[in-house]
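Chemist: I need the structure of the sequence given here:
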Amino acid sequence: MADEHTNTLSVFDSGGDGRPVVLIHGWPLSHVSWSPQTEALADAGYRVVAYDRRGFGKSDPGDSYDYDALTDDLANVIDDLELDDVTLVGFSMGGGEVARYVTRHGEDKLRSVVFAAAILPALVQSDGNPDGALDEESAAELREGLERDRDGFFEEFTTNLFSANGELKVAEEKRQEALAIAQQSDREAALACMDAWGTDFRNDVAAVTVPTLVIHGDADAIVPLDGSGRRTHAAIEGSELVVIEDGPHAINGSHPREFNQALLGFLEK
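Modeler: Numbering: from 1, shown residues only. This next block holds a predicted model:
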């Protein structure tokens, strides 16, 4: 397994001849957050590819952070590594790149997609999207909080990331690891990507025709299940929904056994 720096992005590629699974991380983390899945997927014979979003982890900042630019980075990784028959797995914000990839680059290179605690189909509430999981006032308060007190914001956010019903579902050491990764993020990138959360992906989601897994925690306090995962599942005909009981937002880290079981079971179909 190796890490390499390509086109300003830090890319991890386990190598091998297995079917490729590309992992897209959430905000404000890096590909390291996929560690519980990377090993399990590689052990199962898959070629695992993961990368740090521009401005996060070890990747360089970019000149734009809208979802077209972010998705073009994903497409470049797929093209540069000459991947085909790909399963895309997007966690939280990463679900946006997966959905936008379908409408911007097509499904020719895709085998299937996975939306894990994803911000789809449209996170921020509006007159046209009353069922969004995040109201505009709360979204503005989050951005102001990050601008005003970055350290305090990340402290609280990483706690919420792994908490269900007020209880931290991981060891404090793991939360501290996530906090350290969050602090690696470029300030401008962190704020601009937060702005991108307001993207409406309903047309992108409607365009998905490949096999789809939606996996979500029922105690997700950051991207609630009813306003996101259930809506995405309902919008994609034939999709599979797996709900992890007592699961917080970062279910891949808090419930790795259940998450990996669902993901590997889906990949084997």
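Chemist: P224: neighbouring residues, count only.
Modeler: Neighbourhood size, P224 [other CB atoms under 10 Å]: 18. For glycine as for every other residue, the C-beta is placed from the backbone atoms N, C-alpha and C.
Chemist: hang on, it in a helix?
Modeler: No: the assignment for P224 (DSSP: H, G, I helix; E, B strand; the rest coil) gives coil, which keeps it out of a helix.
Chemist: where's it relative to R54, distance?
Modeler: Distance, P224 to R54, using CB to CB, to the nearest Å: 28 Å.
Chemist: A133 now?
Modeler: According to CB to CB, A133 and R54 sit 25 Å apart.
Chemist: likewise G265?
Modeler: Counting by CB to CB, the gap from G265 to R54 is 32 Å.
Chemist: okay, the residue most central in space within the chain: pLDDT?
Modeler: Among the residues of the chain, the one closest to the centroid is F91, at 2.1 Å (CA atoms, centre = their mean). F91 carries a pLDDT value of 98.
Chemist: For it, give the beta-bridge partners.
Modeler: A116 (DSSP bridges).
Chemist: show me what contacts it?
Modeler: Residues near F91 by CB atoms under 8 Å, 6 or more residues apart in numbering: 23-26, 33-34, 116-118, 250, 252.
Chemist: try it again with 7 Å
Modeler: For F91, the contact set (CB atoms under 7 Å, 6 or more residues apart in numbering) comprises 24-26, 116-117, 252.
Chemist: Could you export those residues as a markdown table, including pLDDT?
Modeler: Listed next are the contacts of F91 as a markdown table, based on pLDDT from 0 to 100:
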| residue | pLDDT |
| --- | --- |
| I24 | 98 |
| H25 | 98 |
| G26 | 97 |
| A116 | 98 |
| A117 | 98 |
| N252 | 98 |
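Chemist: ranges for the strands of the chain?
Modeler: 2-6, 9-13, 20-24, 47-51, 86-91, 110-116, 163-164, 167-168, 212-217, 240-244 (DSSP state E).
Chemist: Now do stretch 208-215: everything it contacts.
Modeler: In this structure, residues lying in contact with stretch 208-215 by CB under 7 Å, 6+ apart are 99, 102, 107, 110-116, 229, 232-233, 236, 239-242, 244, 251, 259, 262, 266, 269.
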